[in-house]
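Enquirer: Fold the stuff below for me.
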Amino acid sequence: MDQTLKYLLTVKQTVISNFILDYYRIIGMTDEEFILFMQLMKYNQQGIYFPELSDVSYYTGYSTDKIFQLIQTMVNKKYLSIETKINEQEKKEDYYDLTLIFDKIILAKNQNENKQVKNNHDNEVSKLFQQFEKEFGRPLSPMELETINLWLTDDHYQVDIILLALREAVLNQAYSLKYIDRILLSWERKNLTSKQQIQEDQKKRLKAVDEKRGQTTQEEILPDVPLFNWLNPNERGE
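Expert: As a prediction, this is how the structure comes out:
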């Protein structure tokens, strides 16, 4: 076997977390800092926790002064820290703590996810307003926009719940936010807080209507009545 190939097969490899590869730019680390950090990781995994700057300089191509400056900057940015411990010979020795970078990455990751959640919510709210305008066949008034916003921010109704209430109102040909508000309040009193719970409740009401209609004779002509009068719950179609 070729000696070069033998060497490549036996030389140790440096394990790099995908978190670092994916997020180093996001947390503001420069390419020079990243290269230096990778070198420090290499030494760390070899059991050399505080390598000589001259050795690091050889593999990075940076001057020792530049490496010193980069390390100071990375300490200030909290990508790493310089710690001191007592070794087996009971002597103090310095080492680079390279774990701080993960705190920065986790924070950036959470912020990114929160931003994505907010963007998704904003998109849902925008589509909610568009659906109201589509069903009403006109732009919403400022007061109507404020009412829907209050449902979201003060009453904490979910977008999909409001859409279900809108659908219920449309089925009853009631294009009124007051009507929809009564629907939402009715579901809230029944402690129906999820889309699934509401749909199950709707199935039960439809089943009750069908059973009532089934009691009539085949010759009887049934009038068209709303599924449910949310403005006057005691009023039923006979």
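Enquirer: tell me the contacts of residue 72?
Expert: For residue 72, no residue meets the contact criterion (CB atoms under 8 Å, 6 or more residues apart in numbering). Placement of C-beta: from N, CA and C, glycine included.
Enquirer: List the buried residues of the helix or strand hosting it.
Expert: Using DSSP states H and E, residue 72 maps to helix 64-76. Within helix 64-76, the residues scored as buried using 16 or more other CB atoms under 10 Å are 67, 70-71, 74.
Enquirer: Repeat that for stretch 178-192.
Expert: Buried, per 16+ other CB under 10 Å, within stretch 178-192: 179-184, 186-187, 192.
Enquirer: got a list of contacts for it?
Expert: With CB under 8 Å, 6+ apart as the criterion, stretch 178-192 contacts 147, 151, 155, 157, 161-162, 165-166, 168-169, 172, 174, 193, 198, 201, 230-231, 233.
Enquirer: Buried among those residues? Need that as a selection in PyMOL.
Expert: Here is the PyMOL selection string for the buried members of the contacts of stretch 178-192, based on 16+ other CB under 10 Å:
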select buried, resi 151+157+161+162+165+166+168+169+172+174+198+230
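Enquirer: coming back round to it: inside helices: which ones of the buried residues of stretch 178-192?
Expert: When these are checked against helices (DSSP state H), the matches are 179-184, 186-187.
Enquirer: which one of these is nearest residue 32?
Expert: Minimum distance to residue 32 across these is 56.6 Å, recorded for residue 184 (CB to CB).
Enquirer: so what's that closest one scoring on pLDDT?
Expert: Per-residue pLDDT puts residue 184 at 96.
Enquirer: Also residue 3?
Expert: Reported pLDDT for residue 3: 67.
Enquirer: quick one on the thing from earlier: format the buried residues of helix 64-76 as CSV; extra columns: pLDDT.
Expert: CSV is the format used below for the buried residues of helix 64-76 (pLDDT from 0 to 100):
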residue, pLDDT
67, 98
70, 98
71, 98
74, 98
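Enquirer: Would you mind giving the residues you listed as JSON lines with distance to residue 134 added?
Expert: Below are these laid out as JSON lines (distance: CB to CB, whole Å):
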{"residue": "67", "distance to residue 134": "62"}
{"residue": "70", "distance to residue 134": "57"}
{"residue": "71", "distance to residue 134": "59"}
{"residue": "74", "distance to residue 134": "54"}
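Enquirer: Residue 114: which of those is nearest?
Expert: For the buried residues of helix 64-76, the nearest to residue 114 is residue 74 (26.1 Å; CB to CB).
Enquirer: average pLDDT for the next helix or strand after the helix holding residue 72?
Expert: Going down the chain from helix 64-76, the next helix or strand is strand 81-86, by DSSP H and E. Regarding strand 81-86, the rounded mean pLDDT is 96.
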